[in-house]
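# Test case, fold it:
(4 chains)
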Protein chains: 2
Amino acid sequence: MTEARAVGTKGMPREEREAQIVDAGTEEFGRHGYGGASMVEIARRVGVTKPLLYQYFGSKDGLYLKCLHRAGDRLTEGVASTMAAGGAPEQMPLAVLGAIFSTFDHDRYAWRLLRDTTLPSTGEIARAAADYQQRLDEFAMIGATQLMNARGLTDGRDIEAIALVWTGVVDSLISWWINQPDEDADAMVERCGRIMKNLFGW
Amino acid sequence: MTEARAVGTKGMPREEREAQIVDAGTEEFGRHGYGGASMVEIARRVGVTKPLLYQYFGSKDGLYLKCLHRAGDRLTEGVASTMAAGGAPEQMPLAVLGAIFSTFDHDRYAWRLLRDTTLPSTGEIARAAADYQQRLDEFAMIGATQLMNARGLTDGRDIEAIALVWTGVVDSLISWWINQPDEDADAMVERCGRIMKNLFGW
DNA sequence: TTTCAGTAACTTACCCTTGGGTCATTTACC
DNA sequence: GGTAAATGACCCAAGGGTAAGTTACTGAAA
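Next up is the predicted model:
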């Protein structure tokens, strides 16, 4: 370890501590939602007290934003590059699932931040979350549109409903996955592929 | 109206008021979850003040339980009778969707009470909610098992995952439906049937 | 090598609002 | 007057947020 720590260091360097807090925050926010999560509880998980969180992140919103952006940016990049790679419409769902699973393999609660229903309806977090949700929805809409067009269907509301159901399916899969710590991302992809092949012939 | 009201009646009879409160409570709990819903807000929607809710239902838990039981019992009955009627495994999903949609056509938030993630983890509501969720999961497991067995698959975890995804799909469909007030239960069933036929060939 | 100032890391003890819950009382009908 | 319906005004705990101080390390002067 090359110690580059400057003067005045008790405990651990800020950067490292911040990372711990964001990790703990992501899990707590993911478990209980923004509204249900408690700053004291997040601090307790890290083994630190509340004021430190406020010193580093300013507010509950500030911490939530950090967690949200980390999760949202990683996800958006992964999905975007997968979809950009292209392929048959029936292959996309599994490919995207693969991207999502490998992105969040060691951070499974992070996905839930993108789908938090306990957020306030106004303010900066509302805007940021709406932004990510819209990007996700757009990906889903593109996929659903390609899928439907390949079959000659064009009803806009059908497509919209399918896109919404798709994100709900991801929700469910991740909820199940959270309770299967032994199953890694690859195993999940394999399982989903097997299921889709058998149920839909995709 | 045959007025059978006894002595001492200001406002409206208790039975009627209770029904109003349960209606409003179901929507508020459905919108914001148990944790996020506020008793004052429910009272405000009804045009009444908080102490009346406590006089009639005892506590937030008491009111939530009333809402939960009404929703849960109606749903369980509807789904149970539909599944008891039997049919090809590929026909069951649409049939069950029909039961759910017609049950909650005028009460669309009620479904969400059965899937509330903001509940406390202990206590009477936790037990009651877990009970309904387990019943729902069992229905889903039965359906998933039949579906998989008909295709020669028996992996228990695959079946479990499918069952979980199924309830998530219902979640998503209802979330979409809530924003489509003009679409009634029959139209929803029609739409879902069309989609399933086109995507899966079911 | 000891001491001591400086600084980042961290905590104790507090404030304030929100929301669940209660009590005593009032209103309006029979 | 009796009774059910309903309310105003309060208590209390939980949780977001803050002010002021303490701890533990560093680097350098004595």
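
# count of neighbours near residue A:27?
Counted with other C-beta atoms under 10 Å in any protein chain shown, the neighbours of residue A:27 add up to 19. For every residue, glycine as well, the C-beta is placed using N, CA and C.

# Leaving out chain neighbours, which residue sits closest to it?
residue A:109 (4.7 Å; C-beta to C-beta, 6 or more residues apart in numbering or on different chains).

# for residue A:26, same thing?
Nearest residue to residue A:26 in three dimensions, chain neighbours excluded: residue A:67, at 4.5 Å (C-beta to C-beta, 6+ apart).

# Flag every residue of chain A that's near chain B.
Contact residues, chain A versus chain B (C-beta under 8 Å from any C-beta of the partner chain): A:32-33, A:35-36, A:117-118, A:147-148, A:151, A:153, A:155, A:157-158, A:160-162, A:164-165, A:167-169, A:171-173, A:175-176, A:180, A:191, A:194-195, A:198-201.

# Mind checking which of those residues are in helices?
A:32-33, A:35-36, A:147-148, A:157-158, A:160-162, A:164-165, A:167-169, A:171-173, A:175-176, A:191, A:194-195, A:198-200 (DSSP state H).

# and these, which are buried?
Buried residues within these, counting neighbours by 16 or more other C-beta atoms under 10 Å in any protein chain shown: A:32-33, A:35-36, A:147-148, A:158, A:160-162, A:164-165, A:167-169, A:171-173, A:175-176, A:191, A:195, A:198-199.

# what's the burial count for whichever residue of chain A sits closest to DNA strand C?
Here the residue of chain A nearest DNA strand C is residue A:11; by C-beta to the nearest atom of the strand that distance is 1.8 Å. Per other C-beta under 10 Å, the neighbour tally for residue A:11 reads 10.

# gap between it and residue A:42?
Between residue A:11 and residue A:42 the computed distance is 17 Å (C-beta to C-beta, to the nearest Å).

# before we move on, back to that, hang on, the residue nearest to residue A:26 packs against residue A:29?
Yes - assessed by C-beta atoms under 8 Å, residue A:67 is found in contact with residue A:29 at 5.8 Å.

# re the thing from before, pretty sure the residue nearest to residue A:27 contacts residue A:33?
No - contact criterion C-beta under 8 Å: residue A:109 and residue A:33 do not qualify, at 10.9 Å.

# Give me the nearest residue to residue A:184, chain neighbours excluded.
With sequence-adjacent residues excluded and distances taken as C-beta to C-beta, 6+ apart, residue A:184 is closest to residue A:105, at 6.2 Å.

# can you give me phi and psi for the one you found?
For residue A:105, the backbone dihedrals are phi -50, psi -40 (criterion: degrees, to the nearest 10).

# wait, it sits on residue A:185?
Yes - here residue A:105 lies in contact with residue A:185, judged by C-beta under 8 Å, at a distance of 4.3 Å.

# Next, work out how far apart the closest residue in space to residue A:193 that isn't next to it in sequence and residue A:188 are.
In this structure, residue A:193 finds its nearest non-sequential neighbour in residue A:94, 5.4 Å apart by C-beta to C-beta, 6+ apart. Separation of residue A:94 from residue A:188 (C-beta to C-beta): 11 Å.

# The two - which one has more neighbours?
Neighbour comparison, residue A:94 and residue A:188: the larger count goes to residue A:188, with 22 against 17 (by other C-beta under 10 Å).

# tell me which element the closest residue in space to the more buried one that isn't next to it in sequence falls in.
Nearest residue to residue A:188 in three dimensions, chain neighbours excluded: residue A:101, at 4.8 Å (C-beta to C-beta, 6+ apart). For residue A:101, the enclosing helix or strand under DSSP states H and E is helix A:92-103.

# Mind listing what's buried along that helix?
Within helix A:92-103, the residues that count as buried by 16+ other C-beta under 10 Å are A:92-101, A:103.

# check contacts around the closest residue in space to residue A:165 that isn't next to it in sequence.
Take residue A:165 and drop its neighbours on the chain: the residue closest to it by C-beta to C-beta, 6+ apart is residue B:172, 4.4 Å away. Listed by C-beta atoms under 8 Å, 6 or more residues apart in numbering or on different chains, the contact set of residue B:172 reads A:164-165, A:167-169, A:171.

# OK, contacts around residue A:56?
Applying C-beta under 8 Å, 6+ apart to residue A:56 gives the contacts A:14, A:17-18, A:21.

# Got the confidence number for it?
Note on residue A:56: pLDDT of 98.

# What parts of chain A come near DNA strand C?
Within chain A, the positions near DNA strand C by C-beta under 7 Å from any atom of the strand are A:6-14, A:17, A:47-52, A:55.

# Residue A:20: how many residues sit nearby?
14.

# So which other helices or strands are in contact with the host helix or strand of it?
Element membership for residue A:20 (DSSP H and E) is helix A:14-36. If contacts are counted by 3 or more C-beta pairs under 8 Å, 6 or more residues apart in numbering or on different chains; DSSP states H and E, helix A:14-36 sits against helix A:39-46, helix A:50-57, helix A:60-85, helix A:110-113, helix B:14-36.

# Contacts made by it with the rest, please.
By C-beta under 8 Å, 6+ apart, helix A:14-36 touches A:11, A:37-38, A:41-43, A:45-46, A:48, A:52-53, A:56-57, A:60, A:63-64, A:66-67, A:70-71, A:107-113, A:116-120, A:125, B:33, B:35-36, B:117-118.

# Skipping adjacent residues, who's closest to residue A:173 in space?
residue B:165 (6.3 Å).

# does residue A:160 really touch residue B:175, like I thought?
No - in this structure residue A:160 lies outside contact range of residue B:175 using C-beta under 8 Å: 11.7 Å.

# pretty sure residue A:111 contacts residue A:100?
Yes - the pair formed by residue A:111 and residue A:100 meets the contact definition of C-beta under 8 Å, at 7.0 Å.

# what about residue A:139, neighbour count?
Residue A:139 has 21 neighbours, counted by other C-beta under 10 Å.

# how many degrees apart are whatever helix or strand it lives in and helix A:92-103 in direction?
Secondary structure from DSSP H and E places residue A:139 in helix A:124-149. With axes from the mean of the first three to the mean of the last three C-alpha atoms, to 10 degrees applied, the angle from helix A:124-149 to helix A:92-103 works out at 150 degrees.
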